[in-house]
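Asks: everything below, folded, please.
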Amino acid sequence: MLVSSSRPTASRFNRGLGCATVLCIALLGLSAAPALAAGSSPATSAGCEGQTFSQPFTAENDFNYYTLVHGGEFNSASEGWTLNRGAQIVQATRPNAATGGVLNLPSGARAVSPPVCVTLQYPTARVWVRNVRGAAAVTVGVSYAGTPTATNPQAVGQLHGQQGSWTLSEPFNLEPQIAGSGEGPREVRFVFVAGGLISDFQLYGLWVDPRMR
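Replies: So this is what the prediction gives:
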């Protein structure tokens, strides 16, 4: 530190102090920003209010964060799902070996989820699936409010489970761009239709991936 032989005036001192204060605040801001980013909680919304996030598939070597679709654990039939053609909530053994509700889909059955808020940053979803009988598949569709898919769902994948055993599905696309290219919330419903002539499927734990890292 250099020491001047003449005493600075009050105005020069105040100007110097002000500049030093601004510089310190700027440096503090730069040093704090990475720390805040690293310590930010995944339990905050990635674009949709009221959603919480967790890592439900770490045992399957999937360390992405997901948000559970409302009613996606099928604890009861009154959680906003529309069930047709024999689709119903039944008690069965879940993937974690506990007994609880699962979505049962015999041949031709159809189940539609309640609306789910997503953005362009929500590209995929996963669900547990089990083939109780038959070797066919469950077709997955997405239905976005305010688009032609609202009445004619867009098919985005097929779910195949092992015979009698729970299988975590491969990620299937949500195609959020169907509802526009703007990065904003949009509502999607998932549509599951059971295929095959003589088949029976069960689903459990529908999770959406918001691509949080």
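
Asks: regarding N131, what is its secondary structure?
Replies: strand (DSSP: H, G, I helix; E, B strand; the rest coil).

Asks: tell me the contacts of the residue nearest to the spatial centre of the chain?
Replies: Centroid check for the chain by Cα atoms, centre = their mean gives V208 as the closest residue, at 2.5 Å. Taking Cβ atoms under 8 Å, 6 or more residues apart in numbering as the contact definition, V208 lies against 66-69, 116, 118, 122, 124-125, 174. The C-beta positions use only the backbone N, C-alpha and C, and glycine is treated the same way.

Asks: domain assignment for the protein?
Replies: 1-40, 58-209 (automatic domain parsing).

Asks: just name the most buried of the ones you listed.
Replies: Mean neighbour count (mean count of other Cβ atoms under 10 Å) peaks for domain 58-209 among those, with a mean of 18.

Asks: who are the contact partners of D62?
Replies: 55, 126, 168.

Asks: which pLDDT value goes with the first one?
Replies: This means Q55. You'll see Q55 listed with a pLDDT of 96.

Asks: kindly report the same for the last one.
Replies: What the model reports as pLDDT for L168 is 97.

Asks: repeat that for A77.
Replies: 79.

Asks: do the same with the one 5 residues further on
Replies: Among the per-residue scores, T82 holds a pLDDT of 96.

Asks: who's the residue nearest to it when sequence neighbours are not counted bridged to?
Replies: Counting by Cβ to Cβ, 6 or more residues apart in numbering, V112 is the residue found nearest to T82 once chain neighbours are left out, at 4.2 Å. Here V112 sits in beta bridges with T82, V191, going by DSSP bridges.

Asks: do you know how far the residue nearest to the centre of the chain is from E60?
Replies: 16 Å (Cβ to Cβ, to the nearest Å).

Asks: and if you look at V116?
Replies: 22 Å.

Asks: how about F74?
Replies: Counting by Cβ to Cβ, the gap from F74 to E60 is 20 Å.

Asks: what does T139 give?
Replies: 23 Å.

Asks: equivalent analysis for N96, please.
Replies: N96 sits 12 Å away from E60, going by Cβ to Cβ.

Asks: next, the distance between the ends of stretch 79-90.
Replies: By Cα to Cα, to the nearest Å, the extent of stretch 79-90 from end to end equals 14 Å.

Asks: so which residues of this protein form helices?
Replies: 10-39 (DSSP state H).

Asks: so where is it shaky, pLDDT-wise?
Replies: Scanning the chain for pLDDT under 70 picks out 1-46, 212-213.

Asks: where do the strands of it begin and end?
Replies: Counting by DSSP state E, the chain has strands at residues 67-68, 82-84, 88-93, 99-106, 110-112, 116-118, 124-133, 138-144, 154-159, 167-168, 172-173, 186-194, 200-209.

Asks: let's have these in JSON lines, adding distance to G50.
Replies: What follows is the strands of the chain, written out as JSON lines (distance: least, Cβ to Cβ, whole Å):
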{"stretch": "strand 67-68", "distance to G50": "10"}
{"stretch": "strand 82-84", "distance to G50": "22"}
{"stretch": "strand 88-93", "distance to G50": "24"}
{"stretch": "strand 99-106", "distance to G50": "23"}
{"stretch": "strand 110-112", "distance to G50": "21"}
{"stretch": "strand 116-118", "distance to G50": "8"}
{"stretch": "strand 124-133", "distance to G50": "18"}
{"stretch": "strand 138-144", "distance to G50": "19"}
{"stretch": "strand 154-159", "distance to G50": "24"}
{"stretch": "strand 167-168", "distance to G50": "26"}
{"stretch": "strand 172-173", "distance to G50": "24"}
{"stretch": "strand 186-194", "distance to G50": "13"}
{"stretch": "strand 200-209", "distance to G50": "13"}
